[in-house]
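Engineer: 3D model of this:
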Amino acid sequence: MSPLFIGLIGIVVLFVLLSMGMPIAFSLAIAGTIGILLLNGFGILIHSLGTYPFGFLRSWLLVAIPLFILMGSLASSAGVTARAYEATYKWLSRLPGGLAMASIAACAAIAATSGSSVATAGMMGVVAIPEMKKYGYDMRLAAGATAAGGLLGILIPPSILLVLFGSITETSVGKLLIAGILPGILTAGVYMVGIALMVYFNPVLAAQAPKFTWIERFKSVTKIWEVLILFMTVVLGIYLGIFTPTEAAAVGAFAALLMALVRCIKKPSDIYAAFNDTARTTVMILALCMGASIFTQCLTLSGIPRWVTEWIASLHIHRFWILIFCMAIFIPLGMFLDPISILLITMPIIFPVIIRLGYNPIWFGILVVKLEEIGLITPPVGINVYVIKGVAPEIPLNDIFRGILPFLVMEVIVIAILIIFPEICLWLPNRMIG
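Structural biologist: All right, here's what the predicted structure looks like:
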């Protein structure tokens, strides 16, 4: 059998195992093991199993992942979520759909401490949905805004997905994290404008919320100082060249620990829970990385990435349509797989094609994250949708998915803007110090 055919067998085995319900990390490892065995024999297989997982995991950049997760968990323990929503609630409550807008703005603030979409959606759902229900909001709008707002957690730095993308593709993690700022702000802005238009044309979606004085509004800002400190520590540290991404993650985690110690002095179990959650999430991510490293080695030995790159380069098609095709692949995958798994499976094949076509890797990394966002709210998986269902079980699942539809349209609009104006992604990274 030719190496290419064996590589295709490995891909087929992977999707067969996934369809059988086997955990993704083990599916990747088994498919890769079978491929390497057929390609190079038992001796090389043993060497690969002992070398490649360790070689991938020893990357200094990957240390940032558990540290960013810990920072978000500790910030949550310190009560950052509720205070962020309270502040945005007081500033936006009188606008059309103001409470839904406040959930978007608060999600953007929490994303600056979290790095996880699921965590951001879950934390916000607990505090925002009951408040919107109290004032008579349509629960489809409430659930949709909260689930979509959580997507900002994987775009606005610190972003675990961008760290992983940088590690896999050997792209600057610092520039990727900084590149996520303006697209994140743009996404939040499009969501908020979209909510205002929805309520303007259909006022029954949202009732008027209480009005607050300017003094109350300014006082509320003082309650989110933790968010500002953590965001500025991480982002400014990286942007000004003071910290590497890993060092920024360590400083941010330490700052979050100090905040949690102050806030949770009477309930230290919350801090223990934050460390426990961090350990569980980190093990899950690194297990995926280990399985993916074996599968990637199988693909590399088979020559599939090189063959795909050369085949696409030989096509007489404008590179824009090839980009659209590569991006479209993420939509069906996002319906069934989680973002980290999609990233680990696709990048060894797709990224060389993008580089061969002359596209900027930083810009493409942001587009990939935006496409992963769509997968998080797309049926049948739609992880964020099920998170909202978990925190608001009284809302029918069909209503949550219906509430998501307008935000899917807004996501497509944002992606189109980023494709037309790539400088939105590249302006800040191109001006970084160091």
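
Engineer: run through who's touching the helix or strand hosting residue 82.
Structural biologist: Taking DSSP states H and E as the definition, residue 82 sits inside helix 80-92. Applying Cβ atoms under 8 Å, 6 or more residues apart in numbering, the external contacts of helix 80-92 come out as 98-99, 101-103, 105-106, 109-110, 113, 123-124, 126-128, 131, 209, 212, 216-217, 220-221, 223-224, 226-227. Glycine gets a C-beta too; all of them are placed from N, C-alpha and C.

Engineer: hmm, try it at 6 Å
Structural biologist: 98, 101-102, 105-106, 109-110, 123, 127-128, 212, 216-217, 220-221, 223-224, 226-227 (Cβ atoms under 6 Å, 6 or more residues apart in numbering).

Engineer: quick one: which of these sit in strands?
Structural biologist: Using DSSP state E, the subset of these located in strands is empty.

Engineer: for the stretch 51-200 of the chain, which segments count as helices?
Structural biologist: With DSSP state H, counting those that start in this stretch as the criterion, the stretch 51-200 of the chain has helices at 64-77, 80-92, 98-114, 117-134, 139-149, 160-169, 173-179, 181-201.

Engineer: could you dump those helices into JSON lines with mean neighbour count, mean pLDDT and distance to residue 286 added?
Structural biologist: Shown next, in JSON lines, are the helices of the stretch 51-200 of the chain (neighbours: other Cβ atoms under 10 Å; pLDDT from 0 to 100; distance: least, Cβ to Cβ, whole Å):
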{"stretch": "helix 64-77", "mean neighbour count": "27", "mean pLDDT": "85", "distance to residue 286": "8"}
{"stretch": "helix 80-92", "mean neighbour count": "23", "mean pLDDT": "82", "distance to residue 286": "26"}
{"stretch": "helix 98-114", "mean neighbour count": "29", "mean pLDDT": "87", "distance to residue 286": "19"}
{"stretch": "helix 117-134", "mean neighbour count": "23", "mean pLDDT": "84", "distance to residue 286": "17"}
{"stretch": "helix 139-149", "mean neighbour count": "28", "mean pLDDT": "92", "distance to residue 286": "27"}
{"stretch": "helix 160-169", "mean neighbour count": "24", "mean pLDDT": "90", "distance to residue 286": "10"}
{"stretch": "helix 173-179", "mean neighbour count": "26", "mean pLDDT": "93", "distance to residue 286": "17"}
{"stretch": "helix 181-201", "mean neighbour count": "20", "mean pLDDT": "94", "distance to residue 286": "26"}
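
Engineer: map the structural domains onto the sequence of the chain.
Structural biologist: Domain ranges of the chain: 1-58+287-302, 60-265+303-431, per automatic domain parsing.

Engineer: winner for burial among these?
Structural biologist: domain 60-265+303-431 (a mean of 20; mean count of other Cβ atoms under 10 Å).

Engineer: low-confidence regions, the stretch 301-434 of the chain specifically.
Structural biologist: Residues of the stretch 301-434 of the chain meeting the criterion pLDDT under 70: 381, 434.

Engineer: tell me which helix or strand the closest residue to residue 24 other than its chain neighbours sits in.
Structural biologist: Spatial nearest neighbour of residue 24, chain neighbours left out: residue 341 (4.7 Å); criterion: Cβ to Cβ, 6 or more residues apart in numbering. Assigned by DSSP H and E, residue 341 belongs to helix 339-356.

Engineer: and that helix, C-alpha only, in PDB?
Structural biologist: Backbone C-alpha positions of helix 339-356 (Å, rounded to 0.1, in the frame of the first residue of the first chain) are rendered in PDB as follows:
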ATOM      1  CA  PRO A 339     -12.900  23.300  19.200                       C
ATOM      2  CA  ILE A 340      -9.700  21.900  20.600                       C
ATOM      3  CA  SER A 341     -10.200  18.600  18.800                       C
ATOM      4  CA  ILE A 342     -11.000  20.300  15.500                       C
ATOM      5  CA  LEU A 343      -7.800  22.400  15.800                       C
ATOM      6  CA  LEU A 344      -5.600  19.400  16.500                       C
ATOM      7  CA  ILE A 345      -7.100  17.400  13.600                       C
ATOM      8  CA  THR A 346      -7.200  20.100  10.900                       C
ATOM      9  CA  MET A 347      -4.200  22.300  11.300                       C
ATOM     10  CA  PRO A 348      -1.500  19.800  10.200                       C
ATOM     11  CA  ILE A 349      -3.300  19.600   6.800                       C
ATOM     12  CA  ILE A 350      -4.900  23.000   6.300                       C
ATOM     13  CA  PHE A 351      -2.300  25.400   7.700                       C
ATOM     14  CA  PRO A 352       0.500  24.500   5.200                       C
ATOM     15  CA  VAL A 353      -2.000  25.200   2.400                       C
ATOM     16  CA  ILE A 354      -2.800  28.700   3.800                       C
ATOM     17  CA  ILE A 355       0.900  29.500   4.200                       C
ATOM     18  CA  ARG A 356       1.600  28.300   0.600                       C
END
